[in-house]
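K.L.:
give the three-dimensional model of this entry:
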Amino acid sequence: MKKQFVFLLAIFMAYLNNAQNIEVCNTCPIHTLKTAIEKAKDFDTITVKKGTYKEHDIVINKPLTIIGENYPIIDGELKGEIITITSGNVTVDGLFIMNVGTSYTEDYAAIRVRKSKYFEIKNLVLEKLFFGIYIEKSNYGKIFHNKVIGDAVEEYNSGNGIQLWYSNHIEVEHNHVQNVRDGIYLEFADNCSIKNNVSTNNLRYGLHFMFSNDDIYQDNTFENNGAGVAVMFSKKIKMYNNIFRKNWGTASYGMLLKEINDAEIIGNVFNENTIGINIEGSNRIVYKNNDFENNGWAIKVRGACYTNTFTENNFLYNSFDIAYNSKVNDNVFDKNFWSNYTGYDLNKDGIGDVPYRPVKLFSYIVNRTPETIILLRSLFIDIIDFSEKVSPVFTPDNLLDNNPLTKRIIW
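P.N.:
Predicted coordinates:
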């Protein structure tokens, strides 16, 4: 086995040693990217000089490195897909790709990777697109430092910025995505990492998971989207240190969880969202060290959510901290800071001596009759909330934080 590996490595190094550089420019003997790819040998480098190249349906079918100097423009003239990669070991770096065709039967992309391994898509600028970067049945790839800017107006005729479909072990880092349908979309994509991206002003979701497991998204910003992030029908997702801000509207939220199990939501900031986290049918999730600040609802639990733990979170100045539509509760709330807590701490240990009940009766009423929200600041509402706190009838009597903190937690 060792001799076979050495033999294969020797062949690979021989390819690299014989690799050549091919230049593309408007005054060069080779003045199109298609021609350069046809003439190139495996593992050659193609350098595209600054200029505008009107090409589409470019197929990269061999291991190559394609590098743009000073962001040459590849203009697809709205005729269809622009670049399709069908080989492994391909790098595309430093191009400005624009004018992808729009179709209601084909998902045309600025750059598509199909059945590939060990690819890198980096330092691209993509504009006037349908789909931006589309990864299809490909593995072990990197999507770094790209700017994907769409002009989506309606969902039905727009695509996603970065899409992973049946693709595993993909790293998506330091990208900026805006004005598309979903900023980043994963479907049947396992063991992927989504880190340090900014996804903003998208029609539907900043990030959208479907049927994807064992992924992590961390240190991203999701701002002013139709909704921040949707995680659906997935398990073992790690969600660390993200910012969900100003995802505001009648059906908006920072994060939607639907049929999610065995996940971790730690160190995130939910600020000025209609709903911080909207939860349905999700179990065994750890919520820890998160800030929920100035949201309409910090957390809205719609049902079938069991064995979750909410510990050491800050709930700061939300209209409602928790909304809960069931009388059954086996979720644990412990050692959280609640800005609405009015209890006392006689022994000065930082833990309130009176348990805190985070579900207000008025929250229950608004869930059933949304129009009553206009009464939010009235004295009558304060009275009915107090009565429910003293003698719970409509809300679970065991939904309590028995150890509410008296000072905001500083991370």
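
K.L.:
which SSE is T250 in?
P.N.:
T250 belongs to no helix or strand when assigned by DSSP states H and E.

K.L.:
ok, the closest residue to it other than its chain neighbours - contacts?
P.N.:
Spatial nearest neighbour of T250, chain neighbours left out: T274 (7.5 Å); criterion: CB to CB, 6 or more residues apart in numbering. From N, CA and C alone the C-beta is placed, and that goes for glycine too. Contact partners of T274, counting by CB atoms under 8 Å, 6 or more residues apart in numbering, are 247-253, 295-297.

K.L.:
local confidence estimate at T274?
P.N.:
Looking at T274, its pLDDT stands at 93.

K.L.:
the nearest residue to H56 once chain neighbours are set aside and E55, how far apart?
P.N.:
Nearest residue to H56, sequence neighbours excluded (CB to CB, 6+ apart): G76, at 4.0 Å. The gap separating G76 from E55 is 7 Å, by CB to CB, to the nearest Å.

K.L.:
which other helices and strands does the helix or strand containing V113 contact?
P.N.:
For V113, the element it lies in under DSSP H and E is strand 109-114. Judged by 3 or more CB pairs under 8 Å, 6 or more residues apart in numbering; DSSP states H and E, the packing partners of strand 109-114 are strand 83-85, strand 96-98, strand 131-136.

K.L.:
partner strands of it, with direction?
P.N.:
The strands that strand 109-114 pairs with in its sheet are strand 83-85 (parallel), strand 131-136 (parallel) (by DSSP bridges).

K.L.:
now the shortest one: how far from the chain's centre is it?
P.N.:
When C-alpha coordinates are averaged (CA atoms, centre = their mean, to the nearest Å), strand 83-85 and its chain have centres 24 Å apart.

K.L.:
helix or strand right after that strand?
P.N.:
According to DSSP H and E, the helix or strand after strand 83-85 is strand 91-93.

K.L.:
where are the low-confidence patches of the chain?
P.N.:
1-17, 361-395 (pLDDT under 70).

K.L.:
biggest strand in it by residues?
P.N.:
In the chain, taking DSSP state E as the definition, the longest strand is strand 227-235.

K.L.:
ok so, going back, tell me how far the residue nearest to T250 lies from I97.
P.N.:
With distances taken as CB to CB, T274 is found 35 Å from I97.

K.L.:
hang on, the earlier thing: could you dump the helices and strands packed on strand 109-114 into JSON lines with distance to G161 and mean neighbour count added?
P.N.:
Output for the helices and strands packed on strand 109-114, formatted as JSON lines (distance: least, CB to CB, whole Å; neighbours: other CB atoms under 10 Å):
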{"stretch": "strand 83-85", "distance to G161": "16", "mean neighbour count": "24"}
{"stretch": "strand 96-98", "distance to G161": "13", "mean neighbour count": "23"}
{"stretch": "strand 131-136", "distance to G161": "4", "mean neighbour count": "26"}
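
K.L.:
quick one: closest of the ones you listed to R181.
P.N.:
Set against R181 and scored by CB to CB, the helices and strands packed on strand 109-114 come closest in strand 131-136, at 8.9 Å.

K.L.:
distance between that closest one and the chain's centre?
P.N.:
Offset of strand 131-136 from its chain centre (CA atoms, centre = their mean): 15 Å.

K.L.:
report the beta-bridge partners for the residue lying closest to V332 once chain neighbours are set aside.
P.N.:
The shortest distance from V332 to any non-neighbouring residue, by CB to CB, 6+ apart, is to T309 (4.6 Å). Beta-bridge pairing of T309 under DSSP bridges involves V286, V332.

K.L.:
show the contacting residues for K246.
P.N.:
So K246 contacts 223-224, 271-273 (CB under 8 Å, 6+ apart).

K.L.:
now these as CSV including distance to T342 and secondary structure?
P.N.:
As requested, the contacts of K246 are exported to CSV (distance: CB to CB, whole Å; DSSP: H, G, I helix; E, B strand; the rest coil):
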residue, distance to T342, secondary structure
E223, 33, strand
N224, 34, coil
N271, 24, strand
E272, 24, coil
N273, 25, coil
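
K.L.:
and those, which two are furthest apart?
P.N.:
Spatially, the most separated pair among the contacts of K246 is N224 and N271, at 11.6 Å (CB to CB).

K.L.:
what touches both of the two?
P.N.:
Common neighbours of N224 and N271 (CB under 8 Å, 6+ apart) are 245-246.
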